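Asker: Sequence plus the predicted model coming up.
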Amino acid sequence: MDIALSDFILIIAAVIIGLVIFSFTTAYIAPQYAFTYAEQSAKTISQSTFVSISPPETTNSGCCNYLADVYSPGFSGNFTVVAFYIPSSELQSIAIVTPSSSSSFPVYINSTLASKVTLSNVYDINGHLLVSSISGYTVPANYPIQIIAPPKPGCSLVIWIIYSNGGYNFRVLYAYG
């Protein structure tokens, strides 16, 4: 009887140790793997994504009208576009400059306002957190867009192209006009 009891206790201990290991894997390693996978996908997309921005045209209301094209051959999903101004003197630091506001200038597709979304935790393609929350506009890849912003002398328009995968958001490209 003592041998059966000790075997039973060993089996229970092995099950508990297995559950602890499984819980650790699920709580820490699996999310880290998902983040790494999303980061690698963002790096791949960033290498084949291009953006062009036209010089601004002045609208009848006095706003600046920018035309942009986000071209990513082989990618047919959506990006989030965030457009904001920075002082032209900060253009040399464009890779690390973040918006001073959490919202974007409006983005249009075929003269229709794109869907506005709020993203949390936007990273660069190296996994560094850029902003904890920002609003932008969802646009399809490989489609021209229009950004309308009020004129701001001494400033340049910056656009971020954000790719989302598995709940993680990565700025895959930035440009200025």
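Answerer: Ah, there it is.
Asker: For the one helix or strand residue 86 maps to, what is the distance to the chain centroid?
Answerer: With elements taken from DSSP states H and E, the one containing residue 86 is strand 78-87. Distance, stretch centre to chain centre, for strand 78-87: 11 Å (CA atoms, centre = their mean, to the nearest Å).
Asker: And stretch 82-96, by the same measure?
Answerer: 17 Å.
Asker: what mean pLDDT does it have?
Answerer: Confidence over stretch 82-96 (mean pLDDT, whole number) is 91.
Asker: sorry, back to before: for the strand holding residue 86, packing partners?
Answerer: Under the contact criterion of 3 or more CB pairs under 8 Å, 6 or more residues apart in numbering; DSSP states H and E, strand 78-87 touches strand 64-71, strand 129-140, strand 143-149, strand 155-165, strand 168-176. All C-beta spots, glycine's among them, are computed from the backbone N, C-alpha and C.
Asker: one more time with 10 Å
Answerer: strand 50-53, strand 64-71, strand 107-109, strand 115-124, strand 129-140, strand 143-149, strand 155-165, strand 168-176 (3 or more CB pairs under 10 Å, 6 or more residues apart in numbering; DSSP states H and E).
Asker: will you turn the ones you listed into a markdown table that also has mean neighbour count?
Answerer: Output for the helices and strands packed on strand 78-87, formatted as a markdown table (neighbours: other CB atoms under 10 Å):
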| stretch | mean neighbour count |
| --- | --- |
| strand 50-53 | 16 |
| strand 64-71 | 18 |
| strand 107-109 | 19 |
| strand 115-124 | 16 |
| strand 129-140 | 17 |
| strand 143-149 | 18 |
| strand 155-165 | 21 |
| strand 168-176 | 21 |
